[in-house]
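any chance you could fold what I've pasted below:
(2 chains)
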Amino acid sequence: MNLMMLLEMAAGAYGDRVAFQNGDERLTYQELFEAAGALAASLDDGRTQHLAMLDESSLALPIGVFGASWAGVPFAPLNYRLTDAELDSLISQLHPGRLVTDSERAARLGDRLLSPDGGDAYVEVGTRDAMLSAVRGKGAGRSDATWSMEPEDTAILLFTSGTTGAPKAAVLRQKHLVSYVLGTVEFMSAEETDASLNCVPPYHIAGMAAIASSVYSGRRVVQLPAFTSAGWLETARRENVTHAFVVPTMLARIVDELEGEKDARLPSLRALSYGGGKMPQSVIERAMRLFPDCNFTNAYGLTETSSTISLLGPEEHREAMSSADEAVRRRIVSVGRPLPTIEVSIRDADDLSPLPAGERGLIHVRGEQVSGEYRGKGSLLDDEGWFNTRDGGYLDDEGYLFLEGRMDDVIVRGGENMSPGEIEDVLLEHASVADAAVVGVPDEQWGEAVAAVIVLKAEAEASVAELQQWVKDRLRSSRTPERIEFWPELPYNETGKLLRRKVREALRDSD
Amino acid sequence: MTTFKAGTRLKSAVCSSELMLIVAPDRDVDLACGGVSVIELGADAPAGAALDPDQKQGTQMGKRYTNEAGDIEVLCTKPGEGGLAVDGVALEVKGAKPLPSSD
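Numbers count the residues shown, from 1 in each chain, chains lettered A, B, ... in the order given. Model (predicted):
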């Protein structure tokens, strides 16, 4: 089982179709296949054990994903908004390896990043442009070797944040991704005139899953490397985009932009799916009114589950909007029903016993596409293969899944997971801070916004702006608390555990 | 067939069909295409093997085939004339209720 097998089928059946497009640059399935082979040949150097990519979407991205699978080397897309310190921490886990990045970053990093443990391993740095010329040229070395079909091979490493500390690498094996694609996508199901607009960053699971799914369905992907609502609309219209996936914050901006237009139309758009965070009800309702003929799908999934595990489909969206039945109308804020290949179980938060419909608990999932494994932490699947998503929720009588927020204090802002502990650790380094609690608070634009409650040291002072800058200098700006309050003390339980839940409740009550 | 692992690439001995095993049964079975046991992708067809005229249901690229018990599932990666059967019983196309694209 290997992603390359899916690309081989695509190249065989529709090799001349355009697979990926970025601006004026195009790559057909056959060209992608050949470039992947050339990249695999170059990765087969007896040394390289990881291929990392630190860059916006480009044609190098699908070549990297498939080339790495061909060579049997894990592919690790990295967040290009990382601070240098955060980047060091992730790259240190990818030795020995190769890093492809933009020319400006490559110039800053130099040719080689040495292993922090002082050994011989290093990460070789190269530019995206150099990689593209090497693998797409007529003289590009092809790999005659075939790829491993071992289902347990690691295909992709995706860094994701937990409650504490630095991000961990979620391990997605070939079996997870291939079973996800085979279970959810029909081979060659796209029309030649279809086009999918991809604006989700490569380091997000939806970005990775979209590459595999679109290759198997034969749907041309138009890449939009940096999202702006104006750019999205312009690209969607110019390319007659038929399908798109967005995170909720993007849809909110697109809807805002369109509601300001006299003639807001996107005639080619047939299907818009969204996920990655909580969709405000007002936004989806406005979107459905703007595009009554468009099919909307809400997809709930996690990095650890190879993306989608539950979805609310187009007809269900329409039924929810037009029903007289309150229970049916509520479903507009659900994440629909689990995929046929997935089982969902709601468990009691204390003893993990299964709960009946209607009762809120921890969402557990099981299925071939569920990994639940992290480098350095091993598998978090229980004895029966269930993965604890750490999301709270419940199932209604008809099996519709409703989310009620993370139960482990992880903040989900704009589709990105953030560790409150990581931000607290940084705040605690400030000379004036005695204690800190970081929580997510509801936010119409971002789903959740980062808020911090600070306990200052005796006689110490610090301003909100100063603390915000302190965090921004050390972690990326999305982690900067948008709201900071100063309290005399923080709530702890008898065992000394910080009760972020109580902080959240107090902040909400004071709004 | 002996016990092939999930992920194994197989081919028909008597037509152009190529397969990948998605779900492998935990027992010995005879997986046949066109009436003749399938072989591993790199292997040579046995001499004299011929397509059984009663086993020409054909395979379609991208379709998944399974049995009633659901303990074997194969993906057709290249189409061909022969039909698939396990222990003499024809495999069925796995019902694909198409899901809306969600990525």
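
please count neighbours and contacts with C-alpha atoms only from this point.
Fine.

I'd say A:T341 and A:G183 touch.
Yes - under the criterion of C-alpha atoms under 8 Å, A:T341 makes contact with A:G183 at 6.8 Å.

contact partners for the residue of chain B found nearest chain A?
Ranked by C-alpha to the nearest C-alpha, the top residue of chain B for proximity to chain A is B:G7, at 4.2 Å. Neighbouring residues of B:G7 by C-alpha atoms under 8 Å, 6 or more residues apart in numbering or on different chains: A:M1, A:N2, A:M149, A:E150, A:P151, B:M20, B:L21, B:I22.

where do the strands of the stretch 351-500 of chain A begin and end?
Using DSSP state E, counting those that start in this stretch, the strands of the stretch 351-500 of chain A run over A:361-366, A:373-374, A:378-379, A:387-395, A:401-406, A:411-413, A:416-418, A:433-443, A:447-456, A:483-486.

helices or strands next to the fourth one in the packing?
The reference is to strand A:387-395. Under the contact criterion of 3 or more C-alpha pairs under 8 Å, 6 or more residues apart in numbering or on different chains; DSSP states H and E, strand A:387-395 touches strand A:343-347, strand A:361-366, strand A:401-406.

can you put these in JSON lines and add mean neighbour count and mean pLDDT?
JSON lines is the format used below for those (neighbours: other C-alpha atoms under 10 Å in any protein chain shown; pLDDT from 0 to 100):
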{"stretch": "strand A:343-347", "mean neighbour count": "21", "mean pLDDT": "98"}
{"stretch": "strand A:361-366", "mean neighbour count": "24", "mean pLDDT": "97"}
{"stretch": "strand A:401-406", "mean neighbour count": "20", "mean pLDDT": "88"}
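
for the ones you listed, give me TSV that also has distance to chain B.
Shown next, in TSV, are the helices and strands packed on strand A:387-395 (distance: least, C-alpha to the nearest C-alpha, whole Å):
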stretch	distance to chain B
strand A:343-347	16
strand A:361-366	16
strand A:401-406	16
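
quick one: closest of these to A:D263.
Across these, the minimum distance to A:D263, taken as C-alpha to C-alpha, is reached by strand A:401-406, at 35.2 Å.

how far out from the middle of the chain is that closest one?
18 Å (C-alpha atoms, centre = their mean, to the nearest Å).

what does stretch B:91-103 give?
Centroid separation between stretch B:91-103 and its chain, computed with C-alpha atoms, centre = their mean, is 18 Å.

can you confirm whether it lies near chain A?
Yes - judged by C-alpha under 8 Å from any C-alpha of the partner chain, stretch B:91-103 and chain A are in contact via B:A96, B:P98, B:L99, B:P100, B:S101, B:S102, B:D103.

list the buried residues in that stretch.
Across stretch B:91-103, burial judged by 16 or more other C-alpha atoms under 10 Å in any protein chain shown covers B:L91, B:E92, B:V93, B:K94, B:P100, B:S101, B:S102, B:D103.

which stretch of helix or strand covers the nearest residue to the third one once chain neighbours are set aside?
Just to be clear, that refers to B:V93. Leaving aside its chain neighbours, B:V93 sits nearest to B:Y65 (4.5 Å; criterion: C-alpha to C-alpha, 6 or more residues apart in numbering or on different chains). Assigning secondary structure by DSSP states H and E places B:Y65 in strand B:64-66.

thinking again about what came up before, quick check: the gap between the residue of chain B closest to chain A and A:R474.
Note on B:G7: its distance to A:R474, by C-alpha to C-alpha, to the nearest Å, is 44 Å.

cool, A:T303 as well?
Per C-alpha to C-alpha, A:T303 is found 25 Å from A:R474.

what about these two, which has more around it?
Shown here are A:T303 and A:R474; by other C-alpha atoms under 10 Å in any protein chain shown, A:T303 has more neighbours (26 against 18).

around chain A, which positions in chain B sit nearby?
Counting by C-alpha under 8 Å from any C-alpha, chain B sits next to chain A at B:6-9, B:20, B:22, B:61-63, B:77-78, B:96, B:98-103.

return the nearest residue of the stretch 351-500 of chain A with respect to chain B.
A:E368 (10.5 Å).

go ahead and confirm that residue touches A:K175.
Yes - applying C-alpha under 8 Å, one finds A:E368 in contact with A:K175, separated by 7.4 Å.

settle it for me: which of these two has more neighbours?
Counted by other C-alpha under 10 Å, A:E368 and A:K175 do not tie: A:K175 has more neighbours, with 26 against 17.
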